[in-house]
Each structure stands twice: as structure tokens, then as C-alpha cells.
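>>> sequence-free structure coming up:
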């Protein structure tokens, strides 16, 4: 990490929790910039998966199986 980044982190850690939360939120929001190329890739993938499911090539699985959740009875 650069010296500037280390200095900024040290300074941010000296702020009260409420101000650190604002800084953290702003930094995270700056990473969530729209990317039309990536959006198009994901849209194409979703359409391909849906077509595969509708044609019977792919079967659906219950969510509990996908994430490994077991139900207690």
C-alpha cells in the first residue's frame, strides 16, 4: 500500500465512529460505478441460462440444496 493510503487510513481511524462510517460509505459507493460492458455480459449469461432451463437442457435446484441449508423438523 502506498504511503499516502497509509496516512489516509491512519487519519480516518482517528475520526469518531459516525464520521468513519460516512467515509467508509463514500469509499464503497465510489467502487460501485456502473459498467455497461459488464452489465451486458451478465445479461447475456442470464438470458443463456434461462433459455437452457426453458429448453430442458438445465434443471432447476431448490435453493436449500444450492446453498446447503437443511431444514429441522
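Looks like it arrived, so ask away. No experiment lies behind these values; they were computed from the predicted model shown. Residues are numbered from 1 along each chain as shown.
>>> any idea how far residue 27 is from residue 20?
Going from residue 27 to residue 20 by C-beta to C-beta, to the nearest Å gives 10 Å. Backbone N, C-alpha and C define where each C-beta goes, glycine included.
>>> ditto for residue 2
Distance from residue 2 to residue 20, counting by C-beta to C-beta: 20 Å.
>>> Could you check which of the two is surrounded by more residues?
residue 20 (13 against 7; other C-beta atoms under 10 Å).
>>> For that one, which non-adjacent residue is closest in space?
residue 12 (6.0 Å; C-beta to C-beta, 6 or more residues apart in numbering).
>>> Show me what the strand or helix carrying the one you found is in contact with.
In this structure, residue 12 sits in helix 3-13 according to DSSP states H and E. With C-beta atoms under 8 Å, 6 or more residues apart in numbering as the test, helix 3-13 has contacts from 20, 23.
>>> Mind checking what helix or strand follows that helix in sequence?
Next along the chain after helix 3-13, taking DSSP H and E as the criterion, comes helix 17-31.
>>> Quick one: list the elements packing against that following helix.
helix 3-13 (3 or more C-beta pairs under 8 Å, 6 or more residues apart in numbering; DSSP states H and E).
>>> The helix it packs on - what's its average pLDDT?
Mean per-residue pLDDT for helix 3-13: 95.
>>> let's have the chain start at 48 instead
Okay, using 48 as the starting number, the last item reads as helix 50-60.
>>> Output the lowest mean pLDDT helix or strand found in the chain.
helix 110-114 (a mean of 88; mean pLDDT, DSSP states H and E).
>>> Give me the distance between it and the centre of its chain.
19 Å (C-alpha atoms, centre = their mean, to the nearest Å).
>>> buried set for it?
Residues of helix 110-114 classed as buried: none (neighbour count, 16 or more other C-beta atoms under 10 Å).
>>> same thing with stretch 104-120?
By neighbour count with 16+ other C-beta under 10 Å, stretch 104-120 contains no buried residues.
>>> How far away from the center of its chain is that stretch?
22 Å.
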